[in-house]
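Visitor: Curious how this folds, go ahead:
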Amino acid sequence: MTKPKGDRIRLLIVDDHKVVRLGLITMFSRHRGVQIVGDVGTMAAAVEDAQLLKPDVVLMDVRLPDGSGIDACREIRNLCPDTQVLFLTSFADDEAMFATVLAGAAGFLLKQADEDGVIRAVETVANGQSIVDPVVTHALLQQMRSFSAPTTNNPSGPLSPQEERVMALVVDGKTNKEIGIDMGLSEKTVKNYLSNIFQKMQVSRRSQAAVLFERQRIGR
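Guide: Residues are numbered from 1 along each chain as shown. Take a look at the predicted model:
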């Protein structure tokens, strides 16, 4: 679901280190477009508060003391489908990053990202788009190349050449607006292409489509 323009983004912060949570709260307090609705340090509290507070975005670490942020993401997405999950973590673990995509996360950033990058990422996922740190993108592609049996066909038929061009730009990390500029299309047309692509691939997220598309390219 796209966030209506002018509405503040309701953000829940999940990290087991209190100093990290306080740093993020301080950072976002300088940004009028974001409202911190809560900050917690465990998986159980993240799932509970997501249901109670209905945040637009959950900004969460992968590693939590009572479980996995990935499992929390899966639960949150099942219980609160309008809530987007963005991971912010110190470790570029290939397996974990790939698992976040499959769990339905809208993005994955490393804590080395600068303040503007983190804020833009929260804004991006709040508007229904996906975002992946360039370092993470490289690691994901390496992980996909390690698969021994890539999928080569889409359940609902192959992508058209134009759809493949759109997906190639998605894999490169382009936004809908940037794809439209590169291809000479309106942003609405790009959204329509992506909607059709998601239906063909039987996925609901941009990041999932990117993973499947890259697997298919590798398998050709």
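Visitor: Measure how buried the nearest residue to residue 29 once chain neighbours are set aside is and give me the count.
Guide: Distances taken as CB to CB, 6 or more residues apart in numbering put residue 36 closest to residue 29, at 7.3 Å, once the chain neighbours are dropped. The way it works is simple: take the backbone N, C-alpha and C, and place the C-beta from them, glycine included. Using other CB atoms under 10 Å, residue 36 has 17 neighbouring residues.
Visitor: contacting residues for residue 36?
Guide: Contact analysis of residue 36 by CB atoms under 8 Å, 6 or more residues apart in numbering lists 11, 12, 13, 25, 28, 29.
Visitor: For ChimeraX, what selects the buried ones among the residues you listed?
Guide: Selection command for ChimeraX covering only the buried members of those, criterion 16 or more other CB atoms under 10 Å:
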select :11,12,13,28
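Visitor: Which element, helix or strand, includes the residue nearest to residue 29?
Guide: strand 34-40 (DSSP states H and E).
Visitor: Domain map for this structure?
Guide: Using automatic domain parsing, the domain ranges for the chain come out as 9-143, 150-219.
Visitor: tell me the most buried of those?
Guide: For the domains of the chain, the largest average neighbour count (mean count of other CB atoms under 10 Å) is found in domain 9-143, namely a mean of 19.
Visitor: now that one, how far from the chain's geometric center?
Guide: Computed by CA atoms, centre = their mean, to the nearest Å, the separation of domain 9-143 from the middle of its chain amounts to 8 Å.
Visitor: Same check on stretch 170-178?
Guide: Distance, centroid of stretch 170-178 to centroid of chain: 13 Å (CA atoms, centre = their mean).
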